[in-house]
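Asks: Here is the input, now give the coordinates:
(2 chains)
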Amino acid sequence: MSIDIETAAKVAKLARIRVEDDALPALAAEFNTILGFIEQLSEVDVDDVEPMVSVTPMRLKRREDAVSDGDIQDKVLANAPDAREGFFAVPKVVE
Amino acid sequence: MSELSSLTLAAARDGLRKGEITATELTEACLSEIEGASALNAFVHNTPDLAREQAAAADARLKSGDAPDLCGIPLGIKDLFCTKGVASQAASRILEGFSPEYESTVTSKLWDQGAVMLGKLNMDEFAMGSSNETSVYGNAINPWRRDGDGADLTPGGSSGGSAAAVAADLCLAATGTDTGGSIRQPAAFTGIVGLKPTYGRCSRWGIVAFASSLDQAGPMTKTVQDAAIFLNAIAGHDAKDSTSADLAVPDFEAMLTGDIRGKKIGIPKEYHMEGMPAEIEALWAQGADMLRDAGAEIVEISLPHTKYALPTYYVIAPAEASSNLARYDGVRYGHRAKLAQGDGITEMYEKTRAEGFGHEVQRRVMVGTYVLSAGFYDAYYNRARKVRSLIKRDFETVFSDGIDAILTPATPSAAFGLGEMTEADPVQMYLNDVFTVTVNLAGLPAISVPAGRDSQGLPLGLQLIGKPWEEGDLLNQAQVLERAAGFDAKPARWWA
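Replies: Presented below is the predicted three-dimensional model:
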């Protein structure tokens, strides 16, 4: 599987990382190096092998479905690049 | 050199309890060492005021006779841990200015015991790297140099600042995190001890997430005993991390009996890598002899899927990272790019992430995005999860055959020069983790112990891998190895 420039651009878009057009060939080449390395996995016989879900066999704990925290709006917003009137502010999303 | 800052954690604890030294003296000694060691670029956010305050409180507590092990012990904290009111930016530009409103569980436990925070430590950006060269703060520098050569070497990564700080006696111990070898490889490169506990032994809550199914916090210390004391302090169940294990935590220090007679130590034949330096093969054989001399039985074992561990890791870790790092979008915290007229929210995301993430992080996020994308999920991600099951099964098989622990080299080489790998393709850098990454995939505990020096005088480490939850046994075997190897060299203080 070889990654072309178009695929590299698509992946960058999916990852929401701006990559300038002139950087795409180098990026595609790096992807190909890494994917070439990963390609070895196709040699392994994985028939009837379950994909790992959890590395330690344990049941997730259950807890009461109750509010355990709250009233910390100021703390939640304290690090926001732009917060106004108790909300996160972002550029216009809907025209 | 300050004798106080070079104390082991155990010696400092005993001295503090006897009143021979005070936490304030110990802290001042470390602060002055840190001040003189800016050339190492290990500490990146210093907290001297907080340290002095905590030291004074520790002294009062010691006087009242209430002295947990870490009371008054000055520590360095990897920048990956969120520390309340203290910059925590995972060595990334995207978290510039981030000051957490909360404290990670691991660091909370340290401060509850009365430990002292000297500051935050350099690391690879988001813990992605093996040389500390991806940090927004610039390179951390290894206190060790090759004999007769002034070239700066890497302290390893990702916990490079932690390793450099402990090796240079800037602090008594430090926290690290290990996703593919990030505690053990830097420990080996700097002649210190690094322990990755069993997955789930220490809470991940409040630690900036890289690959959640692999990440685990652990101690980086001067001795094995110190690692046991440190692990006692940070281990245990935490309701805030659903993957932390609700298991009793034994007293790991009390398990250091020095008796390993009858233990079966496996030597995996697949770890004899082609092109590995003869010195490392020799050190490995010496390590096996030391354990045999102490009464252990050395057995050759096979872990047949070893060669697939790195490619498996480089599917799973980027996949999880691409998901974990989706949160850095310029909305809730950290950096937001300046927008041009007419830019919408998508441009904000894309520009913010392009400016905020370094090259290696961008690359891994995009590789992760690709292996999770429609059409490739089964071929890459699901296949990797299946191979991961096989890698874990390899270990389960040898343990059920009676093997107690496994001895391997910690790294395929000694510390390399900064910049030496920049021309190589990314896969060459990834090979650094060839002996350590299997352990994360299988969730096992493992420790790197300094065991010798190469022909250029650089430290080399050996790794012991234990059974799940058997850190006590593992530490005991590691201490036997540590004592037999008798590594007591210190780097020349060229930075001071």
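Asks: Now do the strands in chain B.
Replies: B:43-46, B:74-78, B:116-121, B:173-178, B:193-196, B:216-221, B:264-268, B:297-301, B:405-409, B:446-453, B:459-466 (DSSP state E).
Asks: What is the least confident helix or strand in the chain?
Replies: You didn't pick a chain, so chain A it is. helix A:24-38 (a mean of 93; mean pLDDT, DSSP states H and E).
Asks: The intended chain is chain B.
Replies: Counting by mean pLDDT, DSSP H and E, chain B has its least confident helix or strand at helix B:426-430, which shows a mean of 79.
Asks: now check that helix, is it near chain A?
Replies: Yes: contact of helix B:426-430 with chain A (C-beta under 8 Å from any C-beta of the partner chain) involves B:426, B:427, B:430. (Glycine included, C-beta is placed from N, CA and C.)
Asks: Which residue lies nearest the spatial centre of chain B?
Replies: residue B:183 (2.0 Å; C-alpha atoms, centre = their mean).
Asks: got a list of what it touches?
Replies: By C-beta atoms under 8 Å, 6 or more residues apart in numbering or on different chains, the contact set of residue B:183 is B:159, B:162, B:176, B:177, B:194, B:195, B:196, B:218, B:220, B:448.
Asks: of those residues, closest to chain A?
Replies: Comparing the contacts of residue B:183 against chain A with C-beta to the nearest C-beta picks out residue B:196 as the nearest, at 12.8 Å.
Asks: now the residue nearest to residue A:32 when sequence neighbours are not counted: how far from residue B:371?
Replies: Nearest non-adjacent residue to residue A:32, counting by C-beta to C-beta, 6 or more residues apart in numbering or on different chains: residue A:3, 5.4 Å away. Between residue A:3 and residue B:371 the computed distance is 12 Å (C-beta to C-beta, to the nearest Å).
Asks: Comparing those two, which residue is more hemmed in?
Replies: residue B:371 (25 against 18; other C-beta atoms under 10 Å in any protein chain shown).
Asks: Against chain B, how distant is the residue nearest the centre of chain A?
Replies: Centroid-nearest residue in chain A: residue A:15, 6.9 Å away (criterion: C-alpha atoms, centre = their mean). Taking C-beta to the nearest C-beta, to the nearest Å as the measure, residue A:15 falls 4 Å from chain B.
Asks: Give me the nearest residue to residue B:394, chain neighbours excluded.
Replies: residue B:303 (4.3 Å).
Asks: Spit out the contact partners of that neighbour.
Replies: Residues near residue B:303 by C-beta under 8 Å, 6+ apart: B:268, B:270, B:271, B:391, B:394, B:395, B:398, B:406, B:438.
Asks: show me where the stretch 201-350 of chain B has helices.
Replies: Using DSSP state H, counting those that start in this stretch, the helices assigned to the stretch 201-350 of chain B run over residues B:224-234, B:278-293, B:309-324, B:345-356.
Asks: So which elements touch the last one?
Replies: Contact here means 3 or more C-beta pairs under 8 Å, 6 or more residues apart in numbering or on different chains; DSSP states H and E; on that basis helix B:345-356 packs against helix B:359-371.
Asks: From the contact counts, what lies against the helix it packs on?
Replies: Where contact means 3+ C-beta pairs under 8 Å, 6+ apart, helix B:359-371 is packed against helix A:5-14, helix A:24-38, helix B:309-324, helix B:345-356.
Asks: how about the ones you listed, which one is nearest residue A:77?
Replies: helix B:345-356 (17.6 Å; C-beta to C-beta).
Asks: For the closest one, list every residue counted as buried.
Replies: Buried residues in helix B:345-356, counted by 16 or more other C-beta atoms under 10 Å in any protein chain shown: B:345, B:347, B:348, B:349, B:350, B:351, B:352, B:353, B:354, B:355, B:356.
Asks: ditto for stretch B:380-393
Replies: Within stretch B:380-393, the residues that qualify as buried are B:380, B:381, B:383, B:384, B:385, B:386, B:387, B:388, B:389, B:390, B:391, B:392, counting by 16+ other C-beta under 10 Å.
Asks: and the fifth one, how far is that from chain A?
Replies: Shown here: residue B:385 relative to chain A, a distance of 3 Å by C-beta to the nearest C-beta.
Asks: now swap in the first one and tell me
Replies: From residue B:380 across to chain A, the span is 7 Å (C-beta to the nearest C-beta).
Asks: contacting residues for that residue?
Replies: A:38, A:41, B:315, B:370, B:371.
Asks: try the fourth one
Replies: Neighbour list for residue B:384: A:38, A:41, B:311, B:312, B:315, B:316, B:319, B:371 [criterion: C-beta under 8 Å, 6+ apart].
Asks: Which one of the residues in the stretch 51-200 of chain B is closest to chain A?
Replies: As assessed by C-beta to the nearest C-beta, chain A sits closest to residue B:101 within the stretch 51-200 of chain B, at 4.1 Å.
Asks: correct me, but residue B:372 touches residue B:319?
Replies: Yes: counting by C-beta atoms under 8 Å, residue B:372 does reach residue B:319; the two are 5.2 Å apart.
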